[in-house]
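In: Pasting the sequence and the predicted coordinates here, then a few questions.
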Amino acid sequence: MRPIQKAIIVGIITIVVYLSVVVITTPALEPLAAINAAFQINSIVIIGMGIGIGLQIFLSEKSKLLGCKLNIKRKAFGGNSGSVATTSFFSFFSLVPLGCCGWFLYVLSLLPSVVGVGATAVLIEYSQILAYVGLVIIFGFAGLTALKLKQEIKLQKII
């Protein structure tokens, strides 16, 4: 499979998984209403995660085709996966007031016992900003991978 095809498929899967979690954790709303609400509030996060992960997959696959020796699988992709999970987690908080992701109300009720009341208040108040920070991290990992790939290609041309 070509890198661009694999990247598009994985990006779409990322978006579908996100929206599936929204639908599953929102039994009070019809699936289309839950998806619509998620896109109205978090469209940048939803699309950004799909593009960011797709970009990372594209770069990883391209480096394999070129025979580059990038050690990005464990570090960058693992970090990227953690960033996606964190970004998704924070973005779901912003959907709770709309009636979406009711399961996260339960998580929110347990959060003060885990991280404390002050930290919980900060996480809830700034959940959207934290989701955007997660997107920056996702694209940061992709940028680092692109930079490593570019350096490796230059190194191969010299040798």
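Out: Okay, I see it.
In: Tell me where the longest helix sits in this structure.
Out: helix 31-66 (DSSP state H).
In: report the angle between the axes of the helix or strand where Leu155 lies and helix 31-66?
Out: Applying DSSP states H and E as the criterion places Leu155 in helix 127-158. Helix 127-158 runs at 20 degrees relative to helix 31-66, counting by axes from the mean of the first three to the mean of the last three CA atoms, to 10 degrees.
In: Now do helix 127-158: which elements does it pack against?
Out: helix 31-66, helix 78-93 (3 or more CB pairs under 8 Å, 6 or more residues apart in numbering; DSSP states H and E). Placement of C-beta: from N, CA and C, glycine included.
In: how far is stretch 15-31 from where the chain is centred?
Out: 16 Å (CA atoms, centre = their mean, to the nearest Å).
In: cool, and stretch 118-127?
Out: 20 Å.
In: Give me the below-cutoff pLDDT ranges for this structure.
Out: Low-confidence segments of the chain (pLDDT under 70): 69-81, 94, 96-105, 159.
In: Repeat the analysis, applying 80 as the threshold.
Out: Residue ranges of the chain with pLDDT under 80: 66-111, 120-121, 123-124, 156-159.
In: centroid residue for it?
Out: With distances taken as CA atoms, centre = their mean, Val84 lies nearest the centre of the chain, 2.7 Å away.
In: Would you mind giving the helices and strands packed on helix 127-158 as JSON lines with distance to Lys157 added?
Out: Formatted as JSON lines, these follow (distance: least, CB to CB, whole Å):
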{"stretch": "helix 31-66", "distance to Lys157": "11"}
{"stretch": "helix 78-93", "distance to Lys157": "28"}
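In: wait, which of those is closest to Ile158?
Out: helix 31-66 (14.5 Å; CB to CB).
In: mind listing what's buried in the closest one?
Out: Within helix 31-66, the residues scored as buried using 16 or more other CB atoms under 10 Å are 34-35, 37-38, 41-42, 45-63.
In: Next, the angle helix 78-93 makes with that helix.
Out: Using the same axes, to 10 degrees: helix 31-66 against helix 78-93 is 170 degrees.
In: How far does helix 31-66 sit from its chain's centre?
Out: Per CA atoms, centre = their mean, the centroid offset for helix 31-66 relative to its chain is 7 Å.
In: by contact count, what packs against that helix?
Out: Against helix 31-66 (3+ CB pairs under 8 Å, 6+ apart) you get helix 3-24, helix 78-93, helix 127-158.
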